[in-house]
Structures are given as C-alpha cells and as structure tokens.
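> Next input, structure requested:
(one chain, ligands or ions: 3)
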Amino acid sequence: MNRKDFLKTGMAAGLGSVIHPFLMQKSPSPVSGRARNIIFFSYDGFTWEDFTSAQHFFYRNYGKMLHLERLFKKGLAGSMMSHSLTSMVTDSSAATTAWSTGRKIVNGSLSIYPGGQELTTILELAKARGKSTGVITTTTVTHATPAGWIAKHMNRRDEENIAQQYAAFQADVMIGGGMEAFDAALRSDRKDLYKTFLDKGYEVLTDHHKLAEVSSNKLLATFGEGHIAYEIDRKFRRSDTPSLKEMTLKGIEILNGSDNGFVVHIEAGRIDHANHRNDAGAALWEILAADETLGILMDFVDNNPETLLIMASDHATGGGTVYGVGERYRASSEIHDLLNKRTASFPWIMSQIGNSPSEGVIIDVIQDAAGVRVSRSQASILREAIAGEMVMPDPAAYPRQPVATLAYILKGGTNDDPTHLNINYTTTQHTAGAVPVAVYGNGVVVKPFGLVDNTDLYYWLTDALGISHENPVMTAEAALEYF
Ligand code: ZN
Ligand code: MG
Ligand code: ZN
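Ligands and ions are numbered 1, 2, ... in the order given. Alright, predicted model coming up:
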C-alpha cells in the first residue's frame, strides 16, 4: 500500500484520519450586533510562548504592559486550532483561507480546492455590500496571508499572478512590500502592473517617505522589492523602511473616509519569518512592532462605535520556548534580558559576516549584534556552514543553512549557561499547537469563547457584517485524490 492509499484507508475506517472529525465541528459564534468596520489583525507564526517572552521583556525593560496583554485581560481571548484540510500542521495560505472563507483547504493554496473549485472570501462579500476593503502587511503585499482574502490560486508562490488578481479585485488599500510582483522591470512577463493600477485611479507609491502625504482614497503602496525589513534592523541598524504602525495609520485613515465602513486585514507577517530562522531577537521586535500597532487599533475601536477588532495568530512557528535557568530557576528572567543585546536580525548579521569570513570577523560581528562572544570553534562551525562544507548528520533537519548554525551557536552549549539567552527552538518549521486569538468590540457584542477553530473566525466576520454565506465543502479524502 502506498502512502496515499494508506491515508485513504485510514480515513474510511474513521481512524487515523488526517484530521479528527470531532475537530471539524463549528462552535457558536460569540459575535452579535453589527459592525460597520472590521479590523482583522493577524500575527503570523505567533505562539503563547512568544507572547510570554515579549510580555516579560517589555515589562522588565520598559515597565509597561503590552497592549496585547491588556487585550487578553479584557476577557475575550482564547486559543485557536489551526490544522488544515489535510495536515495537522497548517501553512499560512490554508490558515488565512480558513479565516476568509470558513473552509479548510490544502496547504500551499489560496481560497481554492484542488481541482479548481474557488471559494468566496469575506473581502469579496464585504465589497459586494459596499464596504471598503484593504490589506496591510510587513511581507510582500501579495504574500499568502493577505492574498488568501483576495486571490484564488493553487500555488501561493505565484505572486505575479496574485498581483494581477489584485488588479482585478481592486481593494481600496494595499500596503506592504513586494514591488517585484508589480514592477515591469522585476516581473518575468515585463507587464507594468503599476500602470494598470494608475489607470484604475489608484495612487501608486513606492517611496515610504511620502506615505503621510497620500491623499487619494485608493492606494497601492509597495515598499522595496521583497518583504519589509525586520523591525530590529529598522530600530537599531537604520533600515530605511516604514513601520507597521505608519502603514496602518495611513491605511486606516483612508478606509475610515469611506461612506459605508470597511473590512481590513492587517498582518504582522514577519514574526513567522524570524521564528522560521530561530531568530529570537528579530521575532521579539516584530512582536513589539505589532504591539505598537495594536495600541493604535484599540484606540481606533474606542473612538469608533460599531467597530470590531479581531487579533489572531495563524499557527505556531519554530517551537521556541523560554526555559528555566539556575537554582530554583531564579536566573531565568535575568538571562532572558540578554535579548536586550540583540540589535540586528540574522539576515543583517549574515550580510555583515559575508561569504568567506575569517573566524575573527564572525566573532566580532556576533559580539556587536548579539552581545555574545562565541568561541573560535563555534565561529568555525558557522564558517563551515557558510562555505557549505559542513557535513550535516541529517541535512533535511537543517533546511535553512547557514542561519540554522548561527542560531545553534548563539544558543550556546548547555541549558544552564548563564551567558546565553534561554530561548530554545525545536524546529525551523511550523508547529501544530493552538495559538492566541482575541476580540475587542465597540458597539458589537462579543461573548466569551474558549477553544475555537480557525474556520470559526469566518463566521464571526460574517455575523458581524450580517452576511450569510456558506462556501462549498470538500473532504480531506476528496482533496487527497488530487495528490
Ligand atoms: Zn503563517
Ligand atoms: Mg503571513
Ligand atoms: Zn511560516
């Protein structure tokens, strides 16, 4: 029996199903009353452990509570299961589709079933009812999480096609990175998608210094070829990029000028990227940048009746955990403060180290950017990883070299080492655990909820908008026929 047949046989018997059927039951929506505006704020690849790490760091170093802690403590918070149609571990495209359509699909695709049956998204439903719509993100604006609210595609990586679908859909506001999918000089087909948007009456912006001056009510803003630089590099290394807060302020200002209210998906998209690379410093500052943004969004809700804010992570990434150190674990919090010494992302560190570094260069760059003096032998492991000379016991276990080795040497030798940050990652992949979700409404009644499924959030959105729409259903079995 091959693997596919094995999976199908298991499912027919009801045992060993890809997803336990009992997990597919819909929970009652906690939302009642109508929302004029909906802000869906996603934290990509964010876990309860990440929250705890950032919460303690922020309090110990700034003496303040995170806005996210304030939100969670309002009582309308819980955990969300994230499994996709055919895997207990989701990717971002299946995860975002669960929110935008109420349906689980196969990882890697956007609001579509294998075989080509398309799902209707909440942004389409909202737009058809006269709402303004938008997507704002720190990733490329055509990346999976925002794209799943607009585009239909079996392959999330086809961002050039997704950009064309954006031009057809015409959301009012699109802000993020990702010039590469729009710019004629960067697209493989040399099509000028910026011109397409200009012809449709959009203001098109690629210089973030001019963001505050935007006065149009339709905006496509793409800053940089790929993703927006990490917050840690913006803060400490003067990366000339906009912050999530700046992008959000402008996006909300434009959308709030509409007659009929709006639905916007804002994403802190690079917590996930940092966690994939086991880069605890970059992840922390992505979370703090998200928190600054969350603060202004909560203020917006306070000042605008009939507004609903939903915060959710799409899945966990990296399996990062903060572990106890020292006698009675008393050294844990102080050692965790070593995060303070991280002042650059792993990509920035690697760019400074270069392609053929000496061990001395590696030691100096890491000292400067992470506040840790690695040994000459640790530096030589990284040098070998950069040169591709390292013999990995299991190459598949280290898919993101050489940064996986950088993470490894920063981790240090033992779990009791007081000179190394006490955060340990278990993988460079997504993980399966339930993730945080919270809601905050003004004039929209939200009841407490506990453990929910990612597809439930779609019904929160439709209930708040007074929309009733059921997308077609596909079973995991039927989906697997295509693979
Ligand atoms: Zn994700
Ligand atoms: Mg994302
Ligand atoms: Zn990811």
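> rest of the way, CA atoms for contacts and neighbours
Fine.
> List, one by one, the residues from the stretch 1-150 of the chain near ligand 2.
Within the stretch 1-150 of the chain, the positions lying close to ligand 2 (Cα under 5 Å from the ion) are T145.
> Can you show me the helices along the stretch 1-150 of the chain?
Secondary structure of the stretch 1-150 of the chain (DSSP state H, counting those that start in this stretch): helices located at 3-12, 48-62, 67-73, 92-101, 122-128, 144-147.
> could you dump those helices to a markdown table with mean neighbour count?
As requested, the helices of the stretch 1-150 of the chain are exported to a markdown table (neighbours: other Cα atoms under 10 Å):
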| stretch | mean neighbour count |
| --- | --- |
| helix 3-12 | 14 |
| helix 48-62 | 17 |
| helix 67-73 | 16 |
| helix 92-101 | 31 |
| helix 122-128 | 19 |
| helix 144-147 | 29 |
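> What residue in this protein comes nearest to ligand 1?
Residue nearest to ligand 1 within the chain: S92 (3.5 Å; Cα to the ion).
> residues contacting that residue?
For S92, the contact set (Cα atoms under 8 Å, 6 or more residues apart in numbering) comprises 44, 107-108, 144-145, 314-315.
> residue ranges for the strands of the stretch 351-483 of the chain, please.
423-424, 430-431, 435-442, 445-446, 451-453 (DSSP state E, counting those that start in this stretch).
> follow-up on the earlier one: closest to ligand 2 out of the contacts of S92?
So of these, ranked by how close each gets to ligand 2 (Cα to the ion), first place is T145, at 4.2 Å.
> doesn't W99 make contact with that closest one?
No - if you go by Cα atoms under 8 Å, T145 and W99 don't touch, sitting 9.9 Å apart.
> Can you redo the helices of the stretch 1-150 of the chain as JSON lines, where the extra columns are mean pLDDT?
Output for those, formatted as JSON lines (pLDDT from 0 to 100):
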{"stretch": "helix 3-12", "mean pLDDT": "51"}
{"stretch": "helix 48-62", "mean pLDDT": "97"}
{"stretch": "helix 67-73", "mean pLDDT": "97"}
{"stretch": "helix 92-101", "mean pLDDT": "98"}
{"stretch": "helix 122-128", "mean pLDDT": "98"}
{"stretch": "helix 144-147", "mean pLDDT": "98"}
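> want to try JSON lines for those helices, with distance to R277 as columns?
Output for the helices of the stretch 1-150 of the chain, formatted as JSON lines (distance: least, Cα to Cα, whole Å):
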{"stretch": "helix 3-12", "distance to R277": "30"}
{"stretch": "helix 48-62", "distance to R277": "14"}
{"stretch": "helix 67-73", "distance to R277": "24"}
{"stretch": "helix 92-101", "distance to R277": "16"}
{"stretch": "helix 122-128", "distance to R277": "32"}
{"stretch": "helix 144-147", "distance to R277": "18"}
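> residues touching S93, list them.
Applying Cα under 8 Å, 6+ apart to S93 gives the contacts 107-110, 144-145, 147-148, 156.
> cool, S111 as well?
94, 97, 100-101, 105, 118-121, 148-149, 151-153.
> For the chain, which residues score under the pLDDT cut-off?
The chain contains residues with pLDDT under 70 at 1-25, 390-399, 413-415.
> Mind splitting it into its structural domains?
20-319+434-480, 330-424 (automatic domain parsing).
> any idea whether L220 is helix, strand or coil?
Per DSSP: H, G, I helix; E, B strand; the rest coil, the secondary structure class of L220 is strand.
> And A290, by the same measure?
For A290, the secondary structure call by three-state DSSP comes out as helix.
> swap in the one 10 residues further on?
Using three-state DSSP, the three-state assignment for F300 comes out as helix.
> Use 834 as the first number for this chain going forward.
With 834 as the first residue, the last one maps to F1133.
> Any idea how many residues pack against it?
F1133 has 18 neighbours, counted by other Cα atoms under 10 Å.
> how about the residues of the stretch 984-1133 of the chain that lie near ligand 2?
G1102.
> which stretches of the stretch 984-1133 of the chain form helices?
Using DSSP H, counting those that start in this stretch, helices in the stretch 984-1133 of the chain cover 992-1002, 1026-1032, 1064-1069, 1077-1089, 1104-1109, 1113-1136.
> V922 touches A1265, doesn't it?
Yes - with contact defined as Cα under 8 Å, V922 reaches A1265; the gap is 4.9 Å.
> Identify the contacts common to these two.
Both V922 and A1265 are contacted by 915-916, under the criterion Cα under 8 Å, 6+ apart.
> neighbour count winner among the two?
The neighbour count for V922 versus A1265, taken as other Cα under 10 Å, is higher for V922 (21 against 17).
> Contact partners for that one?
915-916, 1263-1265.
> Tell me how far stretch 1080-1088 lies from the chain's centre.
Here stretch 1080-1088 is found 19 Å from its chain centre; the criterion is Cα atoms, centre = their mean, to the nearest Å.
> I meant to write stretch 996-1016 there.
Between the centre of stretch 996-1016 and the centre of its chain there are 18 Å (Cα atoms, centre = their mean).
> Span of it from start to end?
10 Å (Cα to Cα, to the nearest Å).
> List the buried residues of that stretch.
For stretch 996-1016, the neighbour count (16 or more other Cα atoms under 10 Å) marks 996-1000, 1003-1016 as buried.
> Please apply the same query to stretch 1131-1144.
1131, 1133-1134, 1137, 1139-1144.
> repeat for stretch 1016-1024
Of the residues in stretch 1016-1024, 1016-1017, 1020, 1024 count as buried by neighbour count, 16+ other Cα under 10 Å.
> Now M1080: closest residue in space, sequence neighbours ignored.
I1008 (6.7 Å; Cα to Cα, 6 or more residues apart in numbering).
> who does L1052 bridge with?
V1006, E1036 (DSSP bridges).
> Correct me if wrong: it contacts Q1003.
No - with contact defined as Cα under 8 Å, L1052 does not count as touching Q1003 (9.7 Å).
> Check the burial of A1267 by counting its neighbours.
Neighbour count of A1267, defined by other Cα under 10 Å: 22.
> Sorry, slip of the keys, the one I care about is P1190.
Other residues lying near P1190 total 17 when counted by other Cα under 10 Å.
> measure it to R1216 for me?
7 Å.
> Check A1202 too.
17 Å.
> Between all of the contacts of S926, which two are separated the most?
Spanning the widest gap among the contacts of S926 are N940 and A980, at 13.8 Å by Cα to Cα.
> Which residues are in contact with T934?
Neighbours of T934 in contact, by Cα under 8 Å, 6+ apart: 944, 952-955, 1288, 1291, 1304.
> How about G967?
The contact partners of G967, taken as Cα under 8 Å, 6+ apart, are 1004-1007, 1084, 1088, 1095-1098.
> T953 too?
By Cα under 8 Å, 6+ apart, T953 lies in contact with 934, 944, 1304.
> got it, and F891?
Going by Cα under 8 Å, 6+ apart, F891 touches 897-899.
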